[in-house]
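Colleague: Turn this into a model:
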Amino acid sequence: MKFLSVENLEAGYGGPPVISGISLELEPGEFLAVCGPNGSGKSTLVKAVQKLTPSVRGKIMINNRSLFLLGPRQIASLLAYVPQVFEPVFDFSVEETVAMARYYRQSGRLAGFSEHDRAAVEEAMRLSEVTSLREKKLNELSGGERQRVLLARALAQDTPALLLDEPSSHLDLNFQLQVYRLLKKLQENRGRAILVAEHNINLAAAYCSSLIFIKDGKIIARGRPQEMLEKELIKKTFGVEVEVRTNRSNGLPEISLVHPGAEAGMFQTELICGDSQENRK
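Modeller: Numbers count the residues shown, from 1 in each chain. The predicted model follows:
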């Protein structure tokens, strides 16, 4: 049984739909990345499948149940979300922020935390390497630190699926790798279903089991990284010329931009599709 099934999804923000005609499936234990140019709708897709956009139409099934018939607590027990941009309104500490993920399990406002709740919070902070920051306020953190706190909060929620919007944004290269290694372990060792919107194609190809390319609000291709990192498909999706090579460390394909040189000929650089600081829908 598919964990997530989407048919003919249309979503937006009150005006013309940003995405339309979207159909996809996510199996338990699958790691799926949605990649596309700026403004293509990949972040909107990740938000829409959990009813986080003002306008959502279509069929969305989670564990064979319609998303539109589920209440907030029920959705919170199935899906944990890590947004791309988070600006704290209240000055909570890191530990308080991570602990908020356990509230949906409480029977009432005064029920209090169980030992299991506390253990889940501690493990999540350990896995995301924010334990040493537990007393710090969110407004005291860098963008990368704040992103890891949001990941810890999602992990503490202990759901069968994780949805992440640009998880590599704001992170340095070391933590980009650490986050994706952690997500891969959650997929392989704990059977988590993972859906990410990602601008870094090389990073997604190295860790995800499947990729979706989206352009102008529509899916134009889906397949394994070995199938998707192909010159003509990249050009069709992103409008750029690339070279494809094999990464020596993992045997998987990766891509480089091809820059038309003047007298110097051609030179290449790593392809990162998108601005990590963008704030798109």
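
Colleague: ok, how many other residues are close to the nearest residue to residue 254 once chain neighbours are set aside?
Modeller: Distances taken as C-beta to C-beta, 6 or more residues apart in numbering place residue 202 nearest to residue 254, at 4.5 Å, with adjacent residues excluded. (C-beta placed from N, C-alpha, C; glycine too.) Residue 202 has 18 neighbours, counted by other C-beta atoms under 10 Å.

Colleague: Could you say which helix or strand holds residue 202?
Modeller: Using DSSP states H and E, residue 202 sits in helix 201-207.

Colleague: what residues does that helix touch?
Modeller: Helix 201-207 is contacted from outside by 31, 33, 35, 168, 176, 180-181, 183-184, 196, 198, 211, 225, 228-229, 234, 247, 250, 252-255, 270-273, using C-beta atoms under 8 Å, 6 or more residues apart in numbering.

Colleague: Quick check: the residue nearest to residue 254 vs residue 65, distance?
Modeller: 36 Å (C-beta to C-beta, to the nearest Å).

Colleague: What of residue 117?
Modeller: Between residue 117 and residue 65 the distance is 25 Å, computed by C-beta to C-beta.

Colleague: and what of residue 191?
Modeller: Taken as C-beta to C-beta, the span from residue 191 to residue 65 is 19 Å.

Colleague: Ok, residue 74 next?
Modeller: From residue 74 to residue 65 the distance is 8 Å (C-beta to C-beta).

Colleague: same question, residue 149
Modeller: 30 Å.

Colleague: neighbour count winner among those two?
Modeller: Ranked by neighbour count (other C-beta under 10 Å), residue 149 and residue 65 place residue 149 first, with 28 against 12.

Colleague: All the strands of the chain, residue numbers only.
Modeller: Using DSSP state E, the strands of the chain run over 4-12, 19-26, 31-35, 55-62, 65-66, 79-82, 161-165, 193-197, 210-215, 218-223, 242-246, 253-260, 266-270.

Colleague: Any chance of TSV for these, columns mean pLDDT and distance to residue 105?
Modeller: Formatted as TSV, the strands of the chain follow (pLDDT from 0 to 100; distance: least, C-beta to C-beta, whole Å):
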stretch	mean pLDDT	distance to residue 105
strand 4-12	97	22
strand 19-26	97	23
strand 31-35	97	26
strand 55-62	96	18
strand 65-66	96	19
strand 79-82	95	12
strand 161-165	97	16
strand 193-197	97	20
strand 210-215	97	31
strand 218-223	97	35
strand 242-246	93	46
strand 253-260	88	41
strand 266-270	46	42
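
Colleague: nearest to residue 125, of these?
Modeller: Across these, residue 125 has its closest neighbour in strand 79-82 (14.6 Å, C-beta to C-beta).

Colleague: For the closest one, list every residue counted as buried.
Modeller: 79-82 (16 or more other C-beta atoms under 10 Å).

Colleague: ok, back up a step: can you redo the strands of the chain as JSON lines with distance to residue 172?
Modeller: Formatted as JSON lines, the strands of the chain follow (distance: least, C-beta to C-beta, whole Å):
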{"stretch": "strand 4-12", "distance to residue 172": "31"}
{"stretch": "strand 19-26", "distance to residue 172": "29"}
{"stretch": "strand 31-35", "distance to residue 172": "20"}
{"stretch": "strand 55-62", "distance to residue 172": "34"}
{"stretch": "strand 65-66", "distance to residue 172": "40"}
{"stretch": "strand 79-82", "distance to residue 172": "17"}
{"stretch": "strand 161-165", "distance to residue 172": "17"}
{"stretch": "strand 193-197", "distance to residue 172": "18"}
{"stretch": "strand 210-215", "distance to residue 172": "24"}
{"stretch": "strand 218-223", "distance to residue 172": "30"}
{"stretch": "strand 242-246", "distance to residue 172": "24"}
{"stretch": "strand 253-260", "distance to residue 172": "19"}
{"stretch": "strand 266-270", "distance to residue 172": "15"}
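
Colleague: looking at these, which is closest to residue 144?
Modeller: Closest to residue 144 of the strands of the chain is strand 79-82 (C-beta to C-beta; 13.2 Å).

Colleague: Many thanks, have a good one.
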